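Q: structure, please.
(one chain, ligands or ions: 1)
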Amino acid sequence: MKNTITSLSLLVLLACFPVVQAQSNKTQIDPKKFNNPIIKDQYTGDPAALVYKDKVYLYAGHDEAPNDFNFYKMNEWVVYSSSDMKKWESHPVPLKASDFAWAKGDAWASQVIERNGKFYWYVTVEHGSVPGKAIGIAVSDSPTGPFKDALGKALITNDMTKFANISWDDIDPTVYIDTDGQAYLFWGNTACHYAKLKDNMLELDGAIQHIDLPHFTEAPWIHKHKDWYYLSYAYEFPEKIAYAMSKSINGPWEFKGILNELAGNSNTNHQAIIDFKGQSYFIYHNGASIPNGGSFRRSVCVDKLYYNKDGTMKRVVMTSEGIQ
Ligand code: CA
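A: Take a look at the predicted model:
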C-alpha cells in the first residue's frame, strides 16, 4: 500500500511539474517592460504634447479626485519632458487654475505652442462671472514654465458661441501655426469651433467659424503630416477618437473614420498626435493602468502611430508595453 501511494504521488508529481513550470513562466512578465502609463506617480488626463528642439514636452491636467468622488477634481496642470518617449522627467507644477484671477477653477484640457521663443498655453477653465467654461492663455519664456496669465481675462467665453446651447461647449483648445505663419484656434464640445489668431497669439482675428463633423463630442487636435492636415476628435460618448483630413486647414474636411477605440475604463479618450525623431506617436489617456484608475482618475499613455501611403492613419493599437 505504501509503495502504491508513493508511486501515485510520484506520478502526480511528474504529471503536474511541467504544467506548474509552464504556468510559472507565463506569469513571469517583467512589469518594467510595461511602459504604459507613462506617468505613474499621479493621475493625469487630457494630454497635449509639444515638440521643441530635441525634446517632447507633455502637458496634462492633474486628476485629483479621491476614490469615492465621481467627477473631475482638477486644480492644476503638470508638465513632463522626454528625449526618447520612454523616460519622462517630472517638473514643478507650472500652472494652476487659480493663476487666472477671473476664473473659478477646473483645470480642464489645454495645449501649449511656441512662437518666437515664447510658449503660449491655451487652457479650459470655469469662468468666474460669465456662466460656463472659458478659454484663457498663459505665457512663459520656458516650455516648463512657470507660466502666468497672458491676458488678465478670457480669450473665449461661453456667450461668444451659440452653436451649441450648453455651458461647456467652449472647452478643449487646440492651436496650430500654419506654414504661412497664420495661427488657428480650434475648440469645442458638441459643436466644433475655430478662429484665426493674430500674430501676438492673444487675440482672435476674424469671426468664429463652425465645422460639422460626424458625432463630434470634444477634444479636437490639429496636426499636419506631409501634405495633409488632420482634425482628430473625440467621437460619440463614451468616446472613441475619429478624424477627418483636408489639403487646407480651412477645409473642406473629409471624414475618415475611427482612429482609436474606447480607452480602457475611461469614458473620455483625449489625444495628442506628434512626429518626433522620425516616428509618429499617439498620446492618450485611459482609466485602466494603475490602481483605482477610472474616468476621473486617468493616466497618460503613448503608442506608435502609422500612416498609410494615401495619408490615412492606421488604427491605433493601445498597448501595455508602450514605447520600448
Ligand atoms: Ca458657447
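Q: what helix or strand is Tyr230 on?
A: Remark: Tyr230 resides in strand 228-235, with elements defined by DSSP states H and E.
Q: hmm, who's touching that strand?
A: Applying C-beta atoms under 8 Å, 6 or more residues apart in numbering, the set of residues contacting strand 228-235 from outside is 186, 192, 211, 213-224, 240-249, 253, 258-259, 268-271, 273, 311, 313. For glycine as for every other residue, the C-beta is placed from the backbone atoms N, C-alpha and C.
Q: mind listing what's buried in that strand?
A: By neighbour count, with 16 or more other C-beta atoms under 10 Å as the criterion, the buried positions of strand 228-235 are 229-235.
Q: what's the answer for stretch 157-174, then?
A: The neighbour-count check on stretch 157-174 (16+ other C-beta under 10 Å) flags 157-158, 160-161, 163-164, 168-174 as buried.
Q: redo the residues you listed as JSON lines? Include secondary structure and pLDDT.
A: Converted to JSON lines, the buried residues of stretch 157-174 look like this (DSSP: H, G, I helix; E, B strand; the rest coil; pLDDT from 0 to 100):
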{"residue": "Thr157", "secondary structure": "coil", "pLDDT": "98"}
{"residue": "Asn158", "secondary structure": "helix", "pLDDT": "98"}
{"residue": "Met160", "secondary structure": "helix", "pLDDT": "98"}
{"residue": "Thr161", "secondary structure": "coil", "pLDDT": "98"}
{"residue": "Phe163", "secondary structure": "coil", "pLDDT": "95"}
{"residue": "Ala164", "secondary structure": "coil", "pLDDT": "95"}
{"residue": "Trp168", "secondary structure": "coil", "pLDDT": "98"}
{"residue": "Asp169", "secondary structure": "coil", "pLDDT": "98"}
{"residue": "Asp170", "secondary structure": "coil", "pLDDT": "98"}
{"residue": "Ile171", "secondary structure": "coil", "pLDDT": "98"}
{"residue": "Asp172", "secondary structure": "coil", "pLDDT": "98"}
{"residue": "Pro173", "secondary structure": "coil", "pLDDT": "99"}
{"residue": "Thr174", "secondary structure": "strand", "pLDDT": "98"}
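Q: which of those are close to the ion?
A: Contacts with the ion within the buried residues of stretch 157-174, counted by C-beta under 5 Å from the ion: 158, 161, 169-170.
Q: using a markdown table, lay out those together with distance to Lys277.
A: Shown next, in a markdown table, are these (distance: C-beta to C-beta, whole Å):
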| residue | distance to Lys277 |
| --- | --- |
| Asn158 | 40 |
| Thr161 | 38 |
| Asp169 | 37 |
| Asp170 | 35 |
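Q: tell me the one among the residues you listed nearest to Asp41.
A: In terms of C-beta to C-beta, no member of these lies closer to Asp41 than Asp170, at 31.4 Å.
Q: quick check: the closest one touching Lys162?
A: No - under the criterion of C-beta atoms under 8 Å, Asp170 lies out of contact with Lys162, with a separation of 10.7 Å.
Q: can you name the residues that contact the closest residue to the ion within the stretch 101-250 of the chain?
A: Here the residue of the stretch 101-250 of the chain nearest the ion is Thr161; by C-beta to the ion that distance is 3.7 Å. When contacts are counted by C-beta under 8 Å, 6+ apart, Thr161 is found next to 169-170, 188, 191, 193, 208.
Q: try 10 Å this time
A: Contacts for Thr161 were tallied using C-beta atoms under 10 Å, 6 or more residues apart in numbering; they are 132, 169-170, 187-188, 191, 193, 195, 208, 210.
Q: one more: Lys73?
A: When contacts are counted by C-beta under 10 Å, 6+ apart, Lys73 touches 43, 62-66, 105-107, 296-297.
Q: please report which of these has the highest neighbour count.
A: Ala107 (29 neighbours; other C-beta atoms under 10 Å).
Q: correct me, but Gly136 touches Lys148?
A: No - the pair Gly136 and Lys148 fails to qualify as a contact (C-beta atoms under 10 Å) at a distance of 11.0 Å.
Q: pull up the overlap in contacts between the two.
A: What both Gly136 and Lys148 touch, as defined by C-beta under 10 Å, 6+ apart, is the set 95, 99-100, 121.
Q: now flag whichever of the residues you listed is closest to the ion.
A: In terms of C-beta to the ion, no member of the shared contacts of Gly136 and Lys148 lies closer to the ion than Phe100, at 18.1 Å.
Q: report the buried residues of the helix or strand where Pro47 lies.
A: Here Pro47 sits within strand 44-52, counting by DSSP H and E. Along strand 44-52, the positions that meet the burial threshold by neighbour count (16+ other C-beta under 10 Å) are 44-50.
Q: and if you look at stretch 120-135?
A: When burial is assessed from 16+ other C-beta under 10 Å, stretch 120-135 yields the following buried residues: 120-127, 130, 132-135.
Q: near the ion, which residues of this structure?
A: 158, 161, 169-170.
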